[in-house]
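> From the sequence below, what's the structure:
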Amino acid sequence: MRVALDSQPAEPGRENEDFAAAAPGAAVLLDGAGVADAETGCTHGVAWFSSTLGGLLLSAITAYPARPLAVCLADSIRAVRSLHEGLCDLVHRASPTSTVIAVRARAGVLEHLVLGDSSLLLGNKDGGPTVVTDQRLNEVGKRLRGPVDALPTGSPEHAAALAEYRDALTGFRNRPGGFWIAGPEPRAAEHALNGAAPLDSLTSVTLLSDGATRLVDRFELATWQEALAVLGTSGPTELIRRVRDTEAGDSEGRRWPRGKAHDDATALHWALS
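Residues are numbered from 1 along each chain as shown. Model prediction:
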């Protein structure tokens, strides 16, 4: 199993709320989320939540290979909840949440689970790559974020509009007609996207947080095929470098409106052949 991994915080010195890890035949990636500059109700914080859930999930999908990935995720959410239920306010509007990608090779098949707006990129032996992204969060966000995108990123007006947007977005979290994400409720796992592909049809498996996919889906400066080529030849660090260079050239979000000038960026690239 040949895995290349890089994970970088949005800015040097800041805590990285992404988490990714691999074990023989399996990998996970989580992109933690809270509300910037706001209390979360959790004494541990977003990075603790994503890393703790990610570690437990990777352990579960490898220790119980016959157990469905969604069941492993629900069990892991339940376990994390038990670790801080008596210490933290888990119904707080800004209680930590996380996207989830989990993949597992078993019986000649690659199983996958995707929850939230992180992306799974499958390199195919025949044809272009397959991209699996849960679009529900983005679909809700597009309906709400107009006022945010009209303002320079990082300005006081942008910060105020962003806070209002995040408040509104929270009202759609983990409910029908909204979007689903890992948090304190195990039932969110029931709404993850699940699938499988024959291992012998794939050349690679890549797990990406939305901070690492910006070159393709936000900036539109590369195709998924081109991003996969960078990952295969130069690795995750080079892909993230290109994202950072582009962000630096548009720090106020004039060309590419966005909530954050920079975001935590993580890429885990698993080469199968």
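> Just the terminal-to-terminal distance for stretch 178-195.
One end of stretch 178-195 sits 22 Å from the other (C-alpha to C-alpha, to the nearest Å).
> who's in contact with it?
With C-beta atoms under 8 Å, 6 or more residues apart in numbering as the test, stretch 178-195 has contacts from 30, 33, 53, 68-71, 73-75, 77-78, 81, 90-91, 95-100, 111-116, 132, 134, 136-137, 139-140, 171-174. Where you see a C-beta, it was placed from the backbone N, CA and C, and this is true even at glycine.
> Show the buried residues in these.
Buried subset of those (neighbour count, 16 or more other C-beta atoms under 10 Å): 30, 33, 53, 69-70, 73-75, 77, 81, 90, 95-100, 111-116, 132, 134, 136-137, 140, 172-174.
> Point out the ones among those that are inside helices.
Of the buried ones among the contacts of stretch 178-195, the ones assigned to helices by DSSP state H are Leu53, Leu69, Ala70, Leu73, Ala74, Asp75, Ile77, Arg81, Arg136, Leu137, Val140.
> Could you dump the residues you listed into CSV with pLDDT added?
Putting these into CSV (pLDDT from 0 to 100) gives the following:
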residue, pLDDT
Leu53, 98
Leu69, 98
Ala70, 98
Leu73, 98
Ala74, 98
Asp75, 98
Ile77, 97
Arg81, 92
Arg136, 88
Leu137, 81
Val140, 80
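> out of those, who's nearest Arg244?
Relative to Arg244, the closest of those is Leu137; by C-beta to C-beta it sits at 23.3 Å.
> what's the closest non-adjacent residue to the closest one?
Distances taken as C-beta to C-beta, 6 or more residues apart in numbering put Phe179 closest to Leu137, at 4.1 Å, once the chain neighbours are dropped.
> One more: Gly259?
Distances taken as C-beta to C-beta, 6+ apart put Leu162 closest to Gly259, at 5.6 Å, once the chain neighbours are dropped.
> Now for the one you found, which secondary structure element holds it?
Secondary-structure assignment from DSSP states H and E places Leu162 in helix 156-170.
> re the thing from before, how close does the residue nearest to Leu137 get to Ser50?
With distances taken as C-beta to C-beta, to the nearest Å, Phe179 is found 17 Å from Ser50.
> Would you verify that Gly195 is located in a strand?
Yes - going by DSSP: H, G, I helix; E, B strand; the rest coil, the assignment for Gly195 places it inside a strand.
> Number of residues surrounding it?
If you count neighbours by other C-beta atoms under 10 Å, Gly195 ends up with 14.
> still on that earlier bit, any idea which of the ones in helices among the buried ones among the contacts of stretch 178-195 is the one closest to Leu239?
Distances from Leu239 to these, taken as C-beta to C-beta, are shortest for Leu137 (22.0 Å).
> Wait, the closest one touches Ser118, no?
No - in terms of C-beta atoms under 8 Å, Leu137 does not count as a neighbour of Ser118; the distance is 10.0 Å.
> Measure how buried the nearest residue to Gly171 once chain neighbours are set aside is and give me the count.
Nearest residue to Gly171 in three dimensions, chain neighbours excluded: Gly178, at 7.7 Å (C-beta to C-beta, 6+ apart). Neighbourhood size, Gly178 [other C-beta under 10 Å]: 16.
> Thr223 too?
13.
> And it, its phi and psi?
In this entry, Thr223 is assigned phi and psi values of phi -90, psi 170 (degrees, to the nearest 10).
> That one is in contact with Thr213, isn't it?
No - in this structure, Thr223 is not within contact of Thr213 by C-beta under 8 Å, at 11.9 Å.
> And the residue nearest to Gly259, how close does it get to Pro147?
For Leu162, the distance to Pro147 - C-beta to C-beta - is 9 Å.
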